[in-house]
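**Q** Below are the sequence and a predicted model for it; my questions follow.
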Amino acid sequence: MEYNKKFDNLKVAVVHDWLVGLGGAERVVESILSLFPQADLYTSVYDESKLKLFRGRKVYTTFLQNWPLAKRKHQLFAALRPLAFESLDLSGYDLVISSSSAEAKGVITSTETLHISYIHTPVRYYWSAYDDYLANPGFGLLNPLVRLVMPTMVSKLKRWDYAAAQRPDSLLANSKEVSRRITKYYNRQSKVINPPVDFDRFSKISRNKEDYFLVVSRFVPYKRIDLAIKACNDLGKKLIIAGTGPELSNYKKISGETIEFVENPSDAKVNQLYSGAKAFIFSAEEDFGITPVEAMASGVPVICFGTAGASETVIDGKTGIYHAKQTVESLKHAIGELDKIKLKESDIRNRAKHFSQERFKRELGGFISEKIKA
């Protein structure tokens, strides 16, 4: 693209919170690096064995890299990550792009450096979902201890997080929902650039619809996979849940005979699952939500909680069905409605085109070009 030539002589750093597993945020980093192939990549901790996406690329890490448990339980180090990111020396760069749902936006740059931060969300466990995390911190046997120290720790870290959000020259938001949160919690304006989906990959999937519902997700509490499990238990519907995460054992405990788990699926396996799925279930109150768009690119209708990010991608009655509440009964009602309406596969796939990698790179490149001119 034309604007690539303008970037060739820039010294660029891309900074991400942590690189220990593959999700939508890591796909965003991949797209940013394709726009800036000369960029250096920084993060707090990096586990190459769990994330092959950046294999072969030099990844610069912080002092946390060799600490015990830092790669497997990065959540334990929330109080140290501010110092870790502030210790990075980024003084020699013309452009720093941080990809952040935590502390990466808080890196310190020189006055001559243009710092643009792509915000996936203001830190959920400080701001929008603090009460949810306090009720279920996700540390198993350590939950009582975490609940005891969390109010004091979060109070201090919120002050740092607010200050850190003032450091970038410009903020980008991955959705209108996140832009509203940025205004509310950080008192800053932001431009919305939706994250990219590999439309070329998913659009090539041929539909061979079978009689099962599908979830593809990290297994963490706020994704509300428990709702899909309980709804399909009650209805006797087959549900396949693909992914990995700390809630796996809890999900298995509440699962009936019609629930199947596919752990750590390959891309090929995910493609196969999308091919056969009757519908994709997404009950999280999500910042944006990459997987519903992947499902639509594959021609799969989406049953989603009709708020926040999912309401910006899924069109109720055209590319999927909303359930109005985060309850089992509301989800069961939406599942029942699926057979009553006719959804066109062409409409579903076409909706996903709006979130292509090409569109993302064009919008991000154009935004940075204008900032460099200024």
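**A** That came through, no problem.
**Q** Assumed residue 96 was part of a strand.
**A** Yes - secondary structure of residue 96 (DSSP: H, G, I helix; E, B strand; the rest coil): part of a strand.
**Q** Low-confidence ranges, this protein, go.
**A** The chain contains residues with pLDDT under 70 at 1-5, 130, 134, 138-139, 374.
**Q** Do you have the strands of it handy? List them.
**A** Remark: strands assigned in the chain by DSSP state E are 12-16, 40-43, 59-60, 95-100, 114-119, 170-173, 191-192, 213-218, 239-244, 259-263, 279-282, 302-305, 320-323.
**Q** what's the closest of these to residue 131?
**A** Residue 131 sits nearest to strand 302-305 of all those, at 17.6 Å, using C-beta to C-beta. For glycine as for every other residue, the C-beta is placed from the backbone atoms N, C-alpha and C.
**Q** contacting residues around the closest one?
**A** Outside of strand 302-305, the residues within contact range by C-beta atoms under 8 Å, 6 or more residues apart in numbering are 213, 224, 279-285, 289, 292, 295-296, 310-311, 314, 319-323, 325-326, 331, 334-335, 338.
**Q** Just the buried residues of it, please?
**A** The neighbour-count check on strand 302-305 (16 or more other C-beta atoms under 10 Å) flags 302, 303, 304, 305 as buried.
**Q** Could you give the number of residues near the residue nearest to the first one when sequence neighbours are not counted?
**A** In other words, residue 302. With C-beta to C-beta, 6 or more residues apart in numbering as the criterion, residue 302 has its nearest non-adjacent residue at 3.6 Å, and that residue is residue 320. Using other C-beta atoms under 10 Å, residue 320 is surrounded by 28 other residues.
**Q** cool, residue 15 as well?
**A** Counted with other C-beta under 10 Å, the neighbours of residue 15 add up to 29.
**Q** gap between the longest helix along the chain and the chain center?
**A** Across the chain, the longest stretch assigned as helix under DSSP state H is helix 143-165. Relative to the chain's own centre, helix 143-165 is displaced by 22 Å; criterion: C-alpha atoms, centre = their mean, to the nearest Å.
**Q** One more: stretch 84-92?
**A** Centroid separation between stretch 84-92 and its chain, computed with C-alpha atoms, centre = their mean, is 24 Å.
**Q** What of stretch 13-31?
**A** With C-alpha atoms, centre = their mean as the basis, stretch 13-31 stands 9 Å off its chain's centre.
**Q** Equivalent analysis for stretch 315-327, please.
**A** A distance of 20 Å separates the centroid of the chain from that of stretch 315-327, by C-alpha atoms, centre = their mean.
**Q** and what of stretch 256-264?
**A** How far stretch 256-264 lies from its chain's middle: 23 Å, per C-alpha atoms, centre = their mean.
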